[in-house]
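# The sequence isn't on hand, but the structure is:
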């Protein structure tokens, strides 16, 4: 099995890189010092590092390193085509880069998810808007949740069949293509949107993060605004697997075991209106039976905490589970969450994590 | 009436030197702000995208001063440059 030797941490104050030692994760370098790094991604097909920088003044920028951070190049950021409109009144311009995912086609190309709702295909130094999803008749029912406008924060590609792609949209829900993005269908059956007049509406759901299990692509998970949901038929039907008792309910992040479709981790908070850990006790919850039961994992974590874990800031690889928080804490476990150790308690707000094999 | 371009001095906020270390005040002849952004971008790749969005509208936290006057048309940058001697590309202050 491939080991992951570097940890990339996208924070409000730059990209911070740690490398693995016998004692744990050790600081190695920082990049883009002082600049908010909204997203980090290590392309598993190339090992290239990608970051999305959120320059408040100068716009969102996309940078890539081919050499593990020794050098970086700025690449053209996605551009909404002239005349694109978010709605009848507002022109569409790039507001946020919220997800990056290899197309798994072996040519270095990437899908890019953005606010205000555009999915781009990045290939050969150019990002093209996926017109089919942008012109989907249901897009008029999308709306912003947390952001001013709807956004695509999750992209799931089937590496064995790259024409199959899912996106998670807040707020819109789950959309799937089986023809490489030419047509899209809504996959929100079974989800619940408590914030809509009709919680079972076809469109308008808020999946905070959407993932699939590599070992069994029919098993998908999402931490949703209204609980934790799991599908065993590739998104056709979603089942609520939130904990009836215990904290595993509201949250943003979810990580899955790519070898075991029964195992996943979430980072709970109280609710959308009280974004702090349940009982102010920082914990991660883990299921090993497909969401029927959730175990609270807090050994090594503080019992008084106001940390929240953003959607891209909880990751797993085999027994390694790592998360970063809004108050600049970074914790890691090498035994599936049974015990946590602090990597740092003095980072800036953590937006996103990624592991790199080298 | 065709406007005759006159030489205009361009000045930049120090904040841009992070991305463009070789950016220095320069003198250009141009009749529109858009033309000026193109001239700068010819020498400093990608510069335009730091100042305006993909529609050409001035980014929210960027200001351009024509001599002492704040640019009026932030959407299409159509302000007249007649008589303008100096242009300042600045960052608006926001946050703490």
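Sure, I can see it. This one's a predicted model, so the numbers in the text were calculated from it and none came from an experiment.

# okay, how far is it across stretch A:83-92, tip to tip?
Stretch A:83-92 has an end-to-end distance of 8 Å (CA to CA, to the nearest Å).

# what is residue A:330 paired to in the beta sheet?
residue A:324, residue A:344 (DSSP bridges).

# can you pull the pLDDT of residue B:2?
pLDDT for residue B:2: 58.

# how much space between residue A:334 and residue A:22?
Computed as CB to CB, to the nearest Å, the residue A:334 to residue A:22 distance reads 11 Å. All C-beta spots, glycine's among them, are computed from the backbone N, C-alpha and C.

# Tell me which of these two has more neighbours.
residue A:334 (17 against 5; other CB atoms under 10 Å in any protein chain shown).

# about what we covered before: next, show the common contact partners of residue A:334 and residue A:22.
Counting by CB atoms under 8 Å, 6 or more residues apart in numbering or on different chains, no residue touches both residue A:334 and residue A:22.

# ranges for the helices of chain A?
Ranges of helices within chain A are A:131-134, based on DSSP state H.

# Chain B now?
Using DSSP H, helices in chain B cover B:33-43, B:47-51.

# Next, see if the last one gets close to chain A.
Right, helix B:47-51. Yes. Judged by CB under 8 Å from any CB of the partner chain, helix B:47-51 and chain A are in contact via B:49-51.

# Just put those in TSV and tack on pLDDT, neighbour count and distance to residue A:251.
Listed next are the residues of helix B:47-51 next to chain A as TSV, based on pLDDT from 0 to 100; neighbours: other CB atoms under 10 Å in any protein chain shown; distance: CB to CB, whole Å:
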residue	pLDDT	neighbour count	distance to residue A:251
B:49	95	21	35
B:50	96	22	36
B:51	96	23	39
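
# now those as TSV including distance to residue A:166?
Shown next, in TSV, are these (distance: CB to CB, whole Å):
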residue	distance to residue A:166
B:49	30
B:50	34
B:51	36
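
# Residue A:345 is in contact with residue A:325, isn't it?
No. Judged on CB atoms under 8 Å, residue A:345 makes no contact with residue A:325 at a distance of 9.6 Å.

# between those two, which one's more packed in?
Comparing residue A:345 with residue A:325 by other CB under 10 Å, the one with more neighbours is residue A:325, at 23 against 12.

# Look up the residues forming beta bridges with the closest residue to chain B within the stretch 151-300 of chain A.
For the stretch 151-300 of chain A, the residue closest to chain B is residue A:151, as judged by CB to the nearest CB, at 16.5 Å. Here residue A:151 sits in beta bridges with residue A:170, going by DSSP bridges.

# Let me know how buried it is, in neighbour terms.
Per other CB under 10 Å, the neighbour tally for residue A:151 reads 26.

# check contacts around it.
Counting by CB under 8 Å, 6+ apart, residue A:151 has contacts A:95-96, A:98, A:113-117, A:144, A:169-170.

# and the residues you listed as JSON lines, adding pLDDT and neighbour count?
JSON lines is the format used below for those (pLDDT from 0 to 100; neighbours: other CB atoms under 10 Å in any protein chain shown):
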{"residue": "A:95", "pLDDT": "96", "neighbour count": "22"}
{"residue": "A:96", "pLDDT": "97", "neighbour count": "20"}
{"residue": "A:98", "pLDDT": "98", "neighbour count": "25"}
{"residue": "A:113", "pLDDT": "98", "neighbour count": "24"}
{"residue": "A:114", "pLDDT": "98", "neighbour count": "27"}
{"residue": "A:115", "pLDDT": "97", "neighbour count": "23"}
{"residue": "A:116", "pLDDT": "98", "neighbour count": "24"}
{"residue": "A:117", "pLDDT": "98", "neighbour count": "26"}
{"residue": "A:144", "pLDDT": "92", "neighbour count": "16"}
{"residue": "A:169", "pLDDT": "98", "neighbour count": "29"}
{"residue": "A:170", "pLDDT": "95", "neighbour count": "28"}
